[in-house]
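*Asks:* what's the 3D shape of this:
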Amino acid sequence: MLIPFLVVGGLGLVLLVISLVIGDVLDHFELGDGLVSGTALGVGLTVFGAAGALTVSAGLELVWAYVLAAVLAVAAYIASVAFVRSLARSSDGVPASAVGLSGVATVTITASGGEVSLDGPGELERRLAYADTAIAEGSRVRVVQHSGSRVKVVAEPA
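*Replies:* Predicted structure coming up:
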């Protein structure tokens, strides 16, 4: 009685672990414009197996165990898809502009390049920078242009 639930739950757990460690394996098939997610499918199958095993163990009839497991699996799948999409939107968003931020030149900055450490929210790493005129290391700077991963800076008045 428990074997089908344990097999489906085990397959779901394997798919979930593979999707979390390697990446979403079903993304390569481009099914349903992202509607089919390996992570969400793994969650759904795991919930189906666990819910079915628990309901059979609790003494519910086999038909009701399948119905309850299917309903919970679909709900878990839908919740997982929504959660994965929410995470994808938040992590793949357009980076915030650094224009207007100030910081310190960590090396001498010239027209060909340099590096700055900016004082802004989320500015944990140094950025590549350039300037129209040379700016000495340790000088305070302000970002006037943001282009890709580089910023154009000017020296702040002392």
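
*Asks:* tell me the phi and psi of Val104?
*Replies:* phi -130, psi 140 (degrees, to the nearest 10).

*Asks:* could you check how many residues crowd around it?
*Replies:* Using other Cβ atoms under 10 Å, Val104 has 16 other residues around it. Yep, even glycine has a C-beta here, placed from its N, CA and C like the rest.

*Asks:* which residues does it bridge with?
*Replies:* Using DSSP bridges, the bridge partners assigned to Val104 are Ser117, Arg140.

*Asks:* distance of it relative to Leu16?
*Replies:* From Val104 over to Leu16 the distance is 45 Å, taken as Cβ to Cβ, to the nearest Å.

*Asks:* and if you look at Gly49?
*Replies:* Distance from Gly49 to Leu16, by Cβ to Cβ: 11 Å.

*Asks:* where does this protein dip in pLDDT?
*Replies:* For the chain, the stretches with pLDDT under 70 are 23-36, 88-95, 122, 124.

*Asks:* could you pull out the helices for it?
*Replies:* 3-21, 38-57, 62-91 (DSSP state H).

*Asks:* ok, and what's touching stretch 138-156?
*Replies:* 97-105, 109, 116, 118, 127-133, 135, 158 (Cβ atoms under 8 Å, 6 or more residues apart in numbering).

*Asks:* before we move on, what about stretch 50-67?
*Replies:* Met1, Leu2, Pro4, Phe5, Leu6, Val8, Gly9, Leu68, Ala69, Leu72, Ala73.

*Asks:* now a ChimeraX select for only the buried ones of these.
*Replies:* Of those, the buried ones go into a single ChimeraX selection, burial set by 16 or more other Cβ atoms under 10 Å:
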select :4,5,8,9,68,69,72,73
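
*Asks:* same list (the contacts of stretch 50-67) but as a markdown table, adding distance to Ala79.
*Replies:* Compiled in a markdown table, those are given as follows (distance: Cβ to Cβ, whole Å):
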| residue | distance to Ala79 |
| --- | --- |
| Met1 | 28 |
| Leu2 | 25 |
| Pro4 | 23 |
| Phe5 | 20 |
| Leu6 | 23 |
| Val8 | 18 |
| Gly9 | 17 |
| Leu68 | 16 |
| Ala69 | 16 |
| Leu72 | 10 |
| Ala73 | 11 |
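
*Asks:* which residue packs closest to Leu128, ignoring adjacent ones?
*Replies:* Arg150 (4.6 Å; Cβ to Cβ, 6 or more residues apart in numbering).

*Asks:* circling back to that earlier point, so for Gly49 and Leu16, which residue has more residues nearby?
*Replies:* Higher neighbour count among Gly49 and Leu16: Gly49, with 23 against 20, using other Cβ under 10 Å.
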